[in-house]
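Colleague: got a predicted model here, sequence first, then my questions.
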Amino acid sequence: MIIHRAIFKELFINFLIVISFLSFVLFMEKFVRLTRLILGRGVELIDIVKVFLFLQPSILLLAIPMAILIAVFLTYGRMTTDNEVIVLKGSGMSFWSVSKPAIIFSAAGFLILSFISIYLLPKSVHSFKKTVYETIAKKTAMVIEEETFSTVFKGTVVFVKEMQTGDRFKGIFIYKEGDTKEPIVIVAEEGAISSNPEEGVVNLSMRNGMIHTFGGKSSSEAAFSEYDFVLTSVPQTERELKPSEIGIVELWNRRNSSILWMVELNRRLAIPFACLIFGFLGPALATRVGKTGRLGSFSFSLSVLISYYVLLILGEGLVKAKKIPPFLGGWAPNIIFGAVAVLFFYLTYRDKPILKRKLKVKS
């Protein structure tokens, strides 16, 4: 139908504009935190491109449901303002037929996002992590400067007094924060740095120095003639992988091993369904809120999105605190907004008011 194609075209254009803006904003938020690691000397353009591509699945996981709801609100809000919905319903079209383009569009978003969430996301997160380590490994010798404290490596501070060549130093000072162990301080007369970008390993070989370990009530010292200190490495075992890097099948099989795995499993399965929910909720709400224009539709859609993601974050927080079951924490936003979507869609389809008011006639 020509009318459906026109609505679908407007939906698609609005979606492209919104998804481009959201992807840029979300990417820049992540990119700024990585600037000191992936920019500067020793970094190739291909590394930046790889980082950009590997970040996209995690960005799209949030951006696609948001873009679908905003695009639907903008499209049907504009149609309501221009009285097009009234004209279409007056010509004999049901609200279901008017909403069909939005529902089909949201169903396509559901399928795409399910593929991203289940298949692409764990692969991209792991590849992104590996690329960052490789980039650090390639530029390590270049970011360490004389008489400058370098904090490129998380939890580790490196200071060198003098640089003899690009990879050899004199007067080395290292401070490493303790995760489960006590913090340590290493000083050495000289050393050399080497890296293996393919494996993401950076090794600092030092000579003639001391290792100082600080405990709660005691400290210890140990002298060495030669000592190799690994600054960073790519996780090699499955135990070191984060839940976001694990495939959906393994997440399901090992879901009872950790509460974090249950949170990740429910999030990956629940978020794609938000696309379907927003596909039904958007047209119904957009036609119910009245003639608000594009700005009003945009503002109202943002309030709906904020409510959804606040519930999602709150639910996951309660799950991690062991206050509610993992299923409820991940699916509560879908259950609540799904019920609201069904109610509003039914009332709009039947042309019934949200609240019935009784009019009293005075005789």
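Modeller: Alright, I've got the coordinates. Numbering: from 1, shown residues only.
Colleague: which helix or strand contains the residue nearest the centre of the chain?
Modeller: In the chain, the residue lying closest to the centroid (C-alpha atoms, centre = their mean) is Ser58, at 4.4 Å. Using DSSP states H and E, Ser58 sits in helix 45-81.
Colleague: buried set for the helix or strand following that helix?
Modeller: Counting by DSSP H and E, the element after helix 45-81 in chain order, helix or strand, is helix 84-90. Neighbour counts over helix 84-90 (16 or more other C-beta atoms under 10 Å) mark Glu84, Val85, Leu88 as buried. Just so you know, the C-beta spots here come from the backbone N, C-alpha and C atoms, and that holds for glycine as well.
Colleague: just these now: which is nearest Gly155?
Modeller: The closest of the buried residues of helix 84-90 to Gly155 turns out to be Val85 (C-beta to C-beta; 57.3 Å).
Colleague: thought the closest one was touching Thr75?
Modeller: No. With contact defined as C-beta atoms under 8 Å, Val85 does not count as touching Thr75 (10.7 Å).
Colleague: low pLDDT regions in the stretch 51-200 of the chain?
Modeller: Residue ranges of the stretch 51-200 of the chain with pLDDT under 70: 136-144, 152, 154, 165-166, 178-181, 195-200.
Colleague: look up the closest residue to His4, ignoring the ones flanking it.
Modeller: Spatial nearest neighbour of His4, chain neighbours left out: Pro101 (5.2 Å); criterion: C-beta to C-beta, 6 or more residues apart in numbering.
Colleague: measure that neighbour to Ile7 for me?
Modeller: Distance, Pro101 to Ile7, using C-beta to C-beta, to the nearest Å: 4 Å.
Colleague: buried residues in whichever strand or helix holds the residue nearest to His4?
Modeller: Using DSSP H and E, Pro101 sits within helix 95-115. Going by neighbour count (16+ other C-beta under 10 Å), the buried part of helix 95-115 is 95, 98-103, 105-106, 109-110, 113-114.
Colleague: pick the one among those residues closest to Ile19.
Modeller: Nearest to Ile19 out of those is Gly109 (C-beta to C-beta; 9.9 Å).
Colleague: quick one: residues contacting that closest one.
Modeller: Contact analysis of Gly109 by C-beta atoms under 8 Å, 6 or more residues apart in numbering lists Ile64, Pro65, Ile68, Cys275, Gly279.
Colleague: let's see that with 10 Å instead.
Modeller: Neighbour list for Gly109: 15, 19, 64-65, 67-69, 71, 272, 274-276, 278-279 [criterion: C-beta atoms under 10 Å, 6 or more residues apart in numbering].
Colleague: do Leu328 as well
Modeller: Shown in contact with Leu328 (C-beta under 10 Å, 6+ apart): Asn266, Gly315, Leu318, Val319, Ile335.
Colleague: cool, and Ser94?
Modeller: Neighbour list for Ser94: Leu88, Lys100, Tyr349 [criterion: C-beta under 10 Å, 6+ apart].
Colleague: also Ile246?
Modeller: Counting by C-beta under 10 Å, 6+ apart, Ile246 touches Leu121, Pro122, Val125, His126, Glu238, Trp252, Asn253, Arg254, Trp261, Glu264, Leu265, Arg268.
Colleague: buried subset of those?
Modeller: Taking 16+ other C-beta under 10 Å as the criterion, what is buried in the contacts of Ile246 is Leu121, Pro122, Val125, His126, Trp261, Glu264, Leu265, Arg268.
Colleague: my guess is the last one contacts Trp331. True?
Modeller: No. In this structure, Arg268 sits apart from Trp331 without contact. The criterion is C-beta atoms under 10 Å, and the distance is 12.0 Å.
Colleague: for the stretch 201-350 of the chain, give me the ranges with low pLDDT.
Modeller: Within the stretch 201-350 of the chain, the stretches with pLDDT under 70 are 201, 215-216, 232-240, 290-294.
Colleague: circling back: if I take the helix holding Ser58 and helix 95-115, what angle do their directions form?
Modeller: Orientation of helix 45-81 against helix 95-115 (axes from the mean of the first three to the mean of the last three C-alpha atoms, to 10 degrees) gives an angle of 170 degrees.
Colleague: so Phe153, which state does it fall into?
Modeller: Here Phe153 is recorded as coil under DSSP: H, G, I helix; E, B strand; the rest coil.
Colleague: correct me if wrong: it contacts Val202.
Modeller: Yes. The criterion here is C-beta under 10 Å, and Phe153 meets it with Val202 at 7.7 Å.
Colleague: neighbour count winner among the two?
Modeller: More neighbours surround Val202 than the other of Phe153 and Val202, with 24 against 17 (other C-beta atoms under 10 Å).
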